[in-house]
Structures are given as C-alpha cells and as structure tokens.
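K.L.:
Got a sequence here, can you model it:
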Amino acid sequence: MTRREEREQAFVLIFQQSLNHETIDQIIDTVEMDPQVTISDFAASTALGVEKELAAVDAIIERNIRGWKLSRISKVSLALLRLASYEMLFEQEIPVRVSINEAVDLAKKYGGADDAPFINGVLGAVAKEIGRE
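P.N.:
Sure thing, here's the model as predicted:
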C-alpha cells in the first residue's frame, strides 16, 4: 500500500468518525471485522493522532478559516483539514507541501468543486502560521 493510499485510509477513518461519533479504535475494530480489509499502521496512528490532538488541530483551523465556523465546513473538507493540519503540527518528517497537496488531491476526489481551493487556502495559512511553509 502506498503512503497516498494510507493517507486516504486515515481520511476515511476521520470522516467516518464525524458521521457516527465513535472512537477511531471502535471504527478500526468494526472495519477490520472484514478479513479482506486491513488498516495500515500509518492510517491508524494518524487518525488516532488527530483524535488525540483534536482541540489543537481544530484551534489552528479555526484561526485560519476567516469568516467561517467549523460547523459550516463540509464534513469532507473538515476531515481533510484535520488530517493535513495534524500532519503539519505533529509529524515533522512529513513535508508541509506533501500534506497540503495530498489533502487537495483528496478534496478533488471526494469533495465538491469549491473544496480543493478552500482547503489549499486554509492549509497555506496554517503553514504560514506555524512557520513551515
């Protein structure tokens, strides 16, 4: 499985949590009941990291969405913003441009027409705030 596929798995876990409000561990346990599905270690640890650091991740997103509230953002966009913001804040070995590009690509795949540019702009502002442009 490629890192891109693993990141997509992490996104799906984070998105799923926004729909059913279970813990990431509960979601992983449910998904892995299917013997044909395996959640990668990267996807699991990233989604668990987002869950653990949600307050810090949401705070930095809120500071950079100018004129928006988290509750107004689509669940797809919010899950992608959480994933990429977590990586930028807590996964120093992942280049910021990779986190942003992957989130934008996933937005093009799963989101609406306006999601990718919105995510790109917000994540660019997050990167600037944390000094990891």
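K.L.:
quick one: residue 65 and residue 77 touch, right?
P.N.:
No - assessed by C-beta atoms under 8 Å, residue 65 is found out of contact with residue 77, at 9.8 Å. Bear in mind the C-beta positions are built from the backbone N, C-alpha and C, glycine included.
K.L.:
what about those two, which has more around it?
P.N.:
Taking neighbours as other C-beta atoms under 10 Å, residue 65 and residue 77 compare with residue 77 leading, 24 against 20.
K.L.:
Give me the nearest residue to the more buried one, chain neighbours excluded.
P.N.:
residue 115 (5.0 Å; C-beta to C-beta, 6 or more residues apart in numbering).
K.L.:
quick one: common contacting residues for residue 65 and residue 77?
P.N.:
Residues touching both residue 65 and residue 77 (C-beta atoms under 8 Å, 6 or more residues apart in numbering): there are none.
K.L.:
Just the local confidence number for the residue nearest to residue 77, please.
P.N.:
The per-residue pLDDT reported for residue 115 equals 94.
K.L.:
Provide a list of residues in contact with the residue nearest the centre of the chain.
P.N.:
The chain has residue 83 as the residue nearest its centroid, 1.9 Å off, counting by C-alpha atoms, centre = their mean. Applying C-beta under 8 Å, 6+ apart to residue 83 gives the contacts 7, 10, 11, 14, 46, 50, 99, 103.
K.L.:
Just give the number of residues close to residue 31.
P.N.:
By other C-beta under 10 Å, 15 other residues sit near residue 31.
K.L.:
From the contact counts, what lies against the longest helix seen in the chain?
P.N.:
The residue-count maximum for a helix in the chain (DSSP state H) belongs to helix 3-20. Helices and strands touching helix 3-20, by 3 or more C-beta pairs under 8 Å, 6 or more residues apart in numbering; DSSP states H and E, are helix 24-31, helix 41-52, helix 75-90, helix 96-110.
K.L.:
buried sites along the last one?
P.N.:
Under the neighbour-count criterion of 16 or more other C-beta atoms under 10 Å, helix 96-110 has 96, 98, 99, 100, 102, 103, 104, 105, 106, 107, 110 buried.
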